[in-house]
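>>> fold the following.
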Amino acid sequence: MIDFSGVELKNLRKEAGYTQKELAVIIGISRETVVAIENEHPKTIDSLSLEVVNAWWVTCRKSVSESSQLSFKVQVMKFFGI
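Below you'll find the predicted structure:
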């Protein structure tokens with residue numbers, strides 16, 4: 001199984017112009033969880049829910065480039081084995 005990339009999510013957040021705290025508030029998780037995801041802490045990445053990934057994507061997608069959108073979609077397809 002391929003883990004979801006915390007680095008990919010970090011890049012989306014930064015490109016969209018959100019701080020870790022702003023994104024955490026918007027998607028309903030703690031800033032510490034955002035940090036753990038972005039730093040790819042194994043336990044956090046292993047327990048990363050589809051709901052959190054989707055909320056992160058929905059929040060950031062309108063503010064990122066087409067290239068970043070494509071990269072994210074490829075990551076999701078790899079994650080689900082598509």
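>>> and the one helix or strand residue 24 maps to, what's buried?
Applying DSSP states H and E as the criterion places residue 24 in helix 20-27. Across helix 20-27, burial judged by 16 or more other Cβ atoms under 10 Å covers 20, 23, 24, 27. Any C-beta I mention is one placed from the backbone N, CA and C, and that applies to glycine too.
>>> how far does the longest helix anywhere in the chain sit from the chain's center?
Secondary structure assigned by DSSP state H gives helix 66-79 as the longest helix of the chain. How far helix 66-79 lies from its chain's middle: 11 Å, per Cα atoms, centre = their mean, to the nearest Å.
>>> just the C-alphas of that helix, formatted as PDB.
Below are the C-alpha coordinates for helix 66-79, written out as PDB (Å, rounded to 0.1, in the frame of the first residue of the first chain):
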ATOM      1  CA  GLU A  66      -3.400  23.200 -12.800                       C
ATOM      2  CA  SER A  67       0.000  21.400 -12.400                       C
ATOM      3  CA  SER A  68      -0.500  21.100  -8.700                       C
ATOM      4  CA  GLN A  69      -4.100  19.900  -9.200                       C
ATOM      5  CA  LEU A  70      -2.900  17.200 -11.600                       C
ATOM      6  CA  SER A  71      -0.100  16.100  -9.200                       C
ATOM      7  CA  PHE A  72      -2.700  15.800  -6.400                       C
ATOM      8  CA  LYS A  73      -5.000  13.700  -8.600                       C
ATOM      9  CA  VAL A  74      -2.200  11.400  -9.600                       C
ATOM     10  CA  GLN A  75      -1.300  11.000  -5.900                       C
ATOM     11  CA  VAL A  76      -4.900  10.000  -5.100                       C
ATOM     12  CA  MET A  77      -5.100   7.600  -8.000                       C
ATOM     13  CA  LYS A  78      -1.800   5.900  -6.800                       C
ATOM     14  CA  PHE A  79      -3.200   5.800  -3.300                       C
END
